[in-house]
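> Quick one, structure for this:
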Amino acid sequence: MMLVAAAITVNKALFGNNIVASVAVEDMLPVSAGAMDVDADGNAVIHTSAVPGTVNGYAGPVHLDIYIADGKISDIKPLPNADTPSFFRRASELFGKWIGKSPDEALEMNVDGISGATYSSTAIINNINAGLSYYKGAQSSAASTTPWKIWVALAVTLAACLLPLFVRNRVYHNAQLVANVVVLGFWCGQFLDYTLILKYMSEGLVFPAWLVAALMLIAAFVYPLFGKHRHYCTYICPLGSAQQIMGMVCGYKIHISTKVLKILDWSRKILWAVLMLSLWTDCLTGWMNLELFQAFQFRSVSWWIIGAACLFLVLSAVVSRPYCRFVCPTGSLFKCSENIG
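Predicted coordinates:
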């Protein structure tokens, strides 16, 4: 219920429905006969709002108009959108990277996102690529890579959900941990954190990506009801898997007294309570982008998040899963749900 309230408060949307009393974003978009037309100067204009395969930003659709003159991208204009203004302003700094490029050159570019505005940056990059692919008549090639990655992520997630229930084998467990880190973490970016959970609450789930998310949510919230506590954290979470792998590097472990463990546990609970309450305000939600899961998207996050993630990984060699046990807000949410079971 708190996350539903946060979705309405922060993103002004719930399961894909815009919860805003004023004019909806779609009503502010220019009327167009299709995804592409010609302006008064004879330049081609691509409307990504009508292009298949475009993606949403942090809080909603990120529609763009791409202008092409004399075979070059002459301008990119953002349309009114529901994305978080502060994130979108930072991400819109990317527009200049495409100006003056031909569609072929632009599609071959490897553009990195803006640190601190990961989802808005990703949406802008993907939507520009989708618009240019539409312009070139290559929508199918642009859309073919994502489903493949999603199906691989689905296979890894399904194995992590089911096989540990029946297989007790160290070799398999280690292989699953590596697959979680490589496939779910670095390659596909499929995991649960507050940003993504809130995104699902706001926008709903889209096929086929919703299959992976649904399996993860079931492992996190439903499995504990049947006695399978911490299944997601232990067998699926990429960051938890990375810490487990690092824990195998060193046989020595620091002994933490019971008193210190209680203090650390209460500190985690207090931190989680404060962060949950802050979700109800529209100005204290930036912490969601600071969870260390973002380090898997290393090309578009700040170096200090990567550094913090590396620090916890090094620490996990001598302390069992320190981030999971003493800090992780998402893990605290899952532990709270376990009390129901």
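> Neighbours of the nearest residue to residue 223 once chain neighbours are set aside, how many?
Closest residue in space to residue 223, ignoring its immediate chain neighbours: residue 231 at 4.3 Å, by Cβ to Cβ, 6 or more residues apart in numbering. (Each C-beta comes from the backbone N, C-alpha and C, glycine too.) Using other Cβ atoms under 10 Å, residue 231 is surrounded by 23 other residues.
> my read: residue 231 touches residue 224, true?
Yes. Counting by Cβ atoms under 8 Å, residue 231 touches residue 224, with 7.5 Å between them.
> quick one: contacts for the residue nearest to residue 223?
161, 164, 219-220, 223-224 (Cβ atoms under 8 Å, 6 or more residues apart in numbering).
> can I get the residues you listed in TSV with secondary structure and neighbour count?
What follows is the contacts of residue 231, written out as TSV (DSSP: H, G, I helix; E, B strand; the rest coil; neighbours: other Cβ atoms under 10 Å):
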residue	secondary structure	neighbour count
161	helix	19
164	helix	19
219	helix	26
220	helix	23
223	helix	21
224	helix	21
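> Which one of the residues you listed is nearest to residue 65?
residue 220 (39.6 Å; Cβ to Cβ).
> Any figure for the gap between the residue lying closest to residue 294 once chain neighbours are set aside and residue 308?
What sits nearest to residue 294 in space, not counting adjacent residues and going by Cβ to Cβ, 6+ apart, is residue 301, at 4.7 Å. As judged by Cβ to Cβ, to the nearest Å, residue 301 and residue 308 stand 10 Å apart.
> Check residue 41 too.
Residue 41 is 49 Å from residue 308, by Cβ to Cβ.
> In terms of neighbours, single out the busier of these two.
The neighbour comparison of residue 41 against residue 308 (other Cβ under 10 Å) goes to residue 308, with 16 against 9.
> excluding its backbone neighbours, what's nearest the more buried one?
residue 292 (6.0 Å).
> Over to residue 134?
residue 51 is the one closest to residue 134 (Cβ to Cβ, 6+ apart), at 4.8 Å.
> Check residue 73 too.
residue 98 (5.0 Å).
> and residue 209, what is it in contact with?
Residue 209 neighbours (Cβ under 8 Å, 6+ apart): 150, 190.
> Tell me the confidence at it?
Residue 209 is assigned 70 on the pLDDT scale.
> Please determine how far it is located from residue 295.
21 Å.
> Equivalent analysis for residue 14, please.
Taking Cβ to Cβ, one finds residue 14 at 29 Å from residue 295.
> These two: which has the busier surroundings?
residue 295 (23 against 16).
> Around the closest residue to the more buried one other than its chain neighbours, count how many other residues there are.
Nearest non-adjacent residue to residue 295, counting by Cβ to Cβ, 6+ apart: residue 309, 3.7 Å away. Residues near residue 309, counting by other Cβ under 10 Å, number 22.
> can you check residue 104 too?
Counted with other Cβ under 10 Å, residue 104 comes out at 10.
> swap in residue 105?
Residue 105 has 13 nearby residues by other Cβ under 10 Å.
> Phi and psi next, for it.
Per-residue torsions, residue 105: phi -60, psi -40 (degrees, to the nearest 10).
> Can you read off the pLDDT for it?
84.
> Please apply the same query to residue 167.
89.
> That one - that's part of a helix, no?
No. Using DSSP: H, G, I helix; E, B strand; the rest coil, the secondary structure at residue 167 is coil, not a helix.
> got a pLDDT number for the residue nearest to residue 295?
93.
> elements contacting the one helix or strand it maps to?
If you go by DSSP states H and E, residue 309 is part of helix 303-315. Packing partners of helix 303-315 (3 or more Cβ pairs under 8 Å, 6 or more residues apart in numbering; DSSP states H and E): helix 238-247, helix 322-326.
> buried sites along the following helix or strand past the first one?
This points to helix 238-247. Where DSSP H and E defines the elements, the next helix or strand beyond helix 238-247 is helix 258-278. When burial is assessed from 16 or more other Cβ atoms under 10 Å, helix 258-278 yields the following buried residues: 268, 271-272, 275-276.
> Reformat those residues as CSV; add distance to residue 129.
Listed next are the buried residues of helix 258-278 as CSV, based on distance: Cβ to Cβ, whole Å:
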residue, distance to residue 129
268, 40
271, 39
272, 38
275, 34
276, 36
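> What's the local residue count around the residue nearest to residue 134?
Residue 51 has 23 nearby residues by other Cβ under 10 Å.
> Double-check it against residue 130; I have them as touching.
Yes. Here residue 51 reaches residue 130: they are 5.2 Å apart, a contact under Cβ under 8 Å.
> okay if I get the contacts of residue 231 as TSV plus distance to residue 258 and pLDDT?
Listed next are the contacts of residue 231 as TSV, based on distance: Cβ to Cβ, whole Å; pLDDT from 0 to 100:
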residue	distance to residue 258	pLDDT
161	33	95
164	29	93
219	30	93
220	28	92
223	28	92
224	24	90
